[in-house]
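Peer 1: next input, structure requested:
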Amino acid sequence: MLDDEVRAQVLTALLVTQRHSWDQGLTAAVLDESGTAAPLRVLLDDAVARQLPDGRLAELDPLCSVNGGAVGEFVDLVAGRTGDEGLAAAAARQRAWLLSGAPRAGDGTLFHLVEGRQVWADTVYMAVPFLAATGAAVAALDQLDGHRTRLRDPDTGLWAARWDEDAGTFADPRAWGTGNGWVVAGLARTVRWLPGRRGVEVATEVRGLLDVVLPLRRPDGLLGDVLDDPASRSDPTVAAMFAWAALTGAGEGWLPAHCADVGCELLAAAVARLDPSGRVSGASAAPHFDRPGHSPEAQAFLLLADAAERRWRREHRRG
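Peer 2: Residues are numbered from 1 along each chain as shown. This next block holds a predicted model:
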């Protein structure tokens, strides 16, 4: 667990870093978790101000197709809390883009970019929770199924990074740690929005991915940039992503309690990578994620996992 001073450093490093649309979604999650309503509203107003005419929220890169959904979840959430019609309309435009406007394969599976007809693991985080949160449960599960069919290896259970729809083969077959992290974190966000058997289905997917990934932990307690390649570097972002999913599932009761212990271990390994400025060092570096460095994703998931750990410990003591 972080102390208050270090937590403030990590948050400051996140807030002063240049961020893309999906990072705005992660930052919104951090601010919502911490209960800081005023800064969250400022962020969401800015996401709406930067909404493209086709509905993509906070999007500064017109090649990105689905990433605005990450912040859309919080635009919709705060619209519901406040009754703000402007936020509600903006969330509806983002929803319509994902449901019908965005480029997609013949079976409806979303392409990650406007150009290129590629299916990416990242999209599971960007689109599935937002669709589930806004009542499009069937569409959310359809996206999970389309991405899973193309990207998840039936033998290992790991997810490849990218699929080329036209070539009918992988554009990037690696079990990229961050890509698998987007999947597990996106699905962990989704469970809360899907009651009954649908939620159980998604929770089972999270448990299955944890079960195949956790044995791949490194001696330093982290997970790899490429999960099943011991020669690849360790990446604390991936550890924080899986820590958050494990602690969230245990805290919400849809994962076994022992998953919290694993989440705490992963979080501690990621915290050990903090530098004196509060930055997570050795992460896949933004903006190209092709070398070790720093990223908003690493900052945000560390804070989210820390919050989930604190919540778990409070509930555990109460129990």
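
Peer 1: C-alpha only now, for contacts and for neighbours.
Peer 2: Noted.

Peer 1: show me which helix runs longest in the chain.
Peer 2: If you go by DSSP state H, the chain has its longest helix at helix 296-318.

Peer 1: now that helix, how far from the centre of its chain.
Peer 2: Put simply, helix 296-318 sits 15 Å off its chain's centre (CA atoms, centre = their mean, to the nearest Å).

Peer 1: now do stretch 92-112
Peer 2: Relative to its parent chain, stretch 92-112 has a centroid offset of 18 Å by CA atoms, centre = their mean.

Peer 1: mind jotting down where the strands sit in the stretch 51-200 of the chain?
Peer 2: Counting by DSSP state E, counting those that start in this stretch, the stretch 51-200 of the chain has these strands, from start to end: 118-120, 162-164, 169-172.

Peer 1: low-confidence stretches in this protein?
Peer 2: Residue ranges of the chain with pLDDT under 70: 317-319.

Peer 1: returning to that earlier point: closest to Glu252 out of the strands of the stretch 51-200 of the chain?
Peer 2: Among the strands of the stretch 51-200 of the chain, strand 118-120 comes nearest to Glu252, with 27.8 Å by CA to CA.

Peer 1: which strands or helices does the closest one pack on?
Peer 2: On a contact count with 3 or more CA pairs under 8 Å, 6 or more residues apart in numbering; DSSP states H and E, strand 118-120 meets helix 137-151, strand 162-164.

Peer 1: looking at these, which is buried most?
Peer 2: strand 162-164 (a mean of 21; mean count of other CA atoms under 10 Å).

Peer 1: quick one: strands adjacent to that one?
Peer 2: Looking at strand 162-164 with DSSP bridges, its partner strands are strand 118-120 (antiparallel), strand 169-172 (antiparallel).

Peer 1: mind putting those in TSV, mean neighbour count and distance to Ala38 included?
Peer 2: Converted to TSV, these look like this (neighbours: other CA atoms under 10 Å; distance: least, CA to CA, whole Å):
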stretch	mean neighbour count	distance to Ala38
strand 118-120	24	33
strand 169-172	15	41
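
Peer 1: ok, now which ones touch Ser281?
Peer 2: For Ser281, the contact set (CA atoms under 8 Å, 6 or more residues apart in numbering) comprises Pro236, Arg273, Leu274, Asp275, Pro292, Gly293, His294.

Peer 1: now the helices for the protein?
Peer 2: Listed in chain order, the helices of the chain (DSSP H) span 4-15, 21-34, 37-49, 69-82, 85-96, 123-133, 137-151, 177-191, 196-213, 236-252, 258-271, 296-318.

Peer 1: Gly55: which of those helices is closest?
Peer 2: Shortest separation from Gly55 across those is recorded for helix 85-96, at 4.4 Å, computed as CA to CA.

Peer 1: so what does the closest one touch, helix or strand wise?
Peer 2: helix 37-49, helix 69-82.

Peer 1: how does it look with 10 Å?
Peer 2: Judged by 3 or more CA pairs under 10 Å, 6 or more residues apart in numbering; DSSP states H and E, the packing partners of helix 85-96 are helix 37-49, helix 69-82, helix 123-133.
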